[in-house]
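>>> Sequence and predicted structure are below.
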Amino acid sequence: MAVISRGFTGRPRESQPDLPPGQYLTKDFPVLSAGPTPAIDTADWSFVIKTETGKDASWNWEEFNALPKEDVTTDIHCVTRWSKLGTQWRGVSLDTLFENVESSYDYVMVHSYGGYTTNLPLDEILDGQAWIATEFEGEPLTPDHGGPARMLVPHLYFWKSAKWVRGITMQRDDNPGFWEQNGYHTNGDPWREERYW
Amino acid sequence: MTSHLDGNALAGPLSELFRDDMTIATGRCAHCGDVSVLAQALVYDAAPGWAVRCRACGEVLMVIVRTGERMMVDLRGVTALEVPA
Ligand SMILES: [Zn+2]
């Protein structure tokens, strides 16, 4: 939703139609991570899309920032039950990154610096549904929130929006990522409350 | 011909393994080989689950997820879990 809402922390869903089931509003931006925050120098940063053809698409920091960027205002929903409404991001659409990528595979694995992974169907990240974000609320994305660049897939639980992204690998099957291997749902739609297997 | 027992035979050894405070159990990191008691591992709990990392190399030793009704433990990075017999 593109509307900025000024809810109170802990305000229940009944009065908030923008909140998926089992979620509470927060005005903070909790920092969640399965490991230490990696120190990433943008001089060493790259983003690579790997396919079964062996032809990789890759961008260094300069090339990536020369791509067209979009402003995105969206609600985000964490599986740990907080939701944050009307957050503002800027980044490159996955549609732009996949423009010249050819693959017959239907699934992707997102890889991060630090080793984190998360799996998604390709369908869920194209057609204006996902971005690689480099800015949050008008500022460069800070390391604790995934900077220099993170996935933004706001229609799914936020563990799918991997921090510190370094690439996407096409996969034939929907192999599970870090949390998906251990109980978390392979798809993760907050409106259907797809938290766990 | 090779014979085998069914999994019920594990009841004894596994109850011995998980009998005590597991934080004093020793584990070997599958990535770097560091051997230490679990109490020395690094636990990242600000996440949808707990990621337990090796004190030496930082790789994931185990992942613990509670779903409300269930608890899942993934010992992906631990070999040779050891307790006093
Ligand atoms: Zn290690």
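Nice, I can see it.

>>> Helices of chain B, residue ranges please.
B:11-17 (DSSP state H).

>>> how far is the longest strand along it from where the chain is centred?
What stands out as the longest strand in chain B, according to DSSP state E, is strand B:60-66. A distance of 9 Å separates the centroid of the chain from that of strand B:60-66, by CA atoms, centre = their mean, to the nearest Å.

>>> same for that strand, what does it pack against?
Packing contacts for strand B:60-66, counted by 3 or more CB pairs under 8 Å, 6 or more residues apart in numbering or on different chains; DSSP states H and E, involve strand B:50-53, strand B:71-74. (Glycine included, C-beta is placed from N, CA and C.)

>>> So what are the sheet partners of the last one and their directions?
Strand B:71-74 sits in its sheet next to strand B:60-66 (antiparallel), going by DSSP bridges.

>>> what mean pLDDT does the partner strand have?
Averaging pLDDT along strand B:60-66 gives 95.

>>> neighbouring contacts of that strand?
Outside strand B:60-66, the residues within contact range by CB atoms under 8 Å, 6 or more residues apart in numbering or on different chains are A:34-35, A:115, A:178-179, A:181-184, B:27, B:29-30, B:38, B:41, B:48-54, B:71-78.

>>> Show me which residues of chain A sit near chain B.
By CB under 8 Å from any CB of the partner chain, the residues of chain A that approach chain B are A:30-36, A:78-80, A:115, A:159, A:178-179, A:181-184, A:195-197.

>>> Can you list the low-confidence ranges for the chain?
In the absence of a named chain, this looks at chain A. In the predicted model, chain A carries pLDDT under 70 at residues A:1-15.

>>> wrong one, chain B
Within chain B, the stretches with pLDDT under 70 are B:1.

>>> Close to chain A: what parts of it are there?
Taking CB under 8 Å from any CB, the part of chain B that reaches chain A is made up of B:44, B:46-49, B:51, B:53, B:58-60, B:63, B:65, B:67-68, B:70, B:72, B:74.

>>> Any quick PyMOL command for the buried ones out of those?
In PyMOL syntax, the buried subset of these is picked out as below (16 or more other CB atoms under 10 Å in any protein chain shown):
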select buried, chain B and resi 44+47+48+49+51+53+58+59+60+63+65+72+74
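
>>> so who does the nearest residue to B:Arg53 once chain neighbours are set aside touch?
Nearest non-adjacent residue to B:Arg53, counting by CB to CB, 6 or more residues apart in numbering or on different chains: B:Leu42, 4.4 Å away. Residues near B:Leu42 by CB under 8 Å, 6+ apart: B:Val52, B:Arg53, B:Cys54, B:Arg55, B:Gly58.

>>> same check, this time on A:Trp131
A:Glu70, A:Val72, A:Trp89, A:Gly91, A:Val92, A:Ser93, A:Leu94, A:Met151, A:Leu152.

>>> Any of those buried? List them.
Buried members of the contacts of A:Trp131, scored by 16+ other CB under 10 Å, are A:Val72, A:Trp89, A:Gly91, A:Val92, A:Ser93, A:Leu94, A:Met151, A:Leu152.

>>> how about the first one, what does it touch?
So the one you mean is A:Val72. When contacts are counted by CB under 8 Å, 6+ apart, A:Val72 touches A:Gln88, A:Trp89, A:Arg90, A:Gly91, A:Trp131, A:Ala133, A:Leu152, A:Pro154.

>>> before we move on, what about the second one?
Under the criterion of CB under 8 Å, 6+ apart, the neighbours of A:Trp89 are A:Asp71, A:Val72, A:Thr73, A:Thr74, A:Trp131, A:Ala133, A:Glu135, A:Phe136, A:Leu152.

>>> can you pull out the helices in chain A?
Secondary structure of chain A by DSSP H: the helices cover A:61-65, A:94-97.

>>> Nearest approach to A:His145 belongs to which of those helices?
A:His145 lies closest, by CB to CB, to one member of the helices of chain A: helix A:61-65, at 17.5 Å.

>>> Could you list the buried residues of stretch A:88-105?
By neighbour count with 16+ other CB under 10 Å, stretch A:88-105 contains the buried residues A:Trp89, A:Arg90, A:Gly91, A:Val92, A:Ser93, A:Leu94, A:Leu97, A:Phe98, A:Val101, A:Ser103.

>>> likewise stretch B:69-85?
For stretch B:69-85, the neighbour count (16+ other CB under 10 Å) marks B:Met72, B:Asp74, B:Gly77, B:Val78 as buried.

>>> Pipe those residues into a markdown table and attach distance to A:Asn65 per row.
Below are the buried residues of stretch B:69-85 laid out as a markdown table (distance: CB to CB, whole Å):
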| residue | distance to A:Asn65 |
| --- | --- |
| B:Met72 | 40 |
| B:Asp74 | 37 |
| B:Gly77 | 36 |
| B:Val78 | 41 |
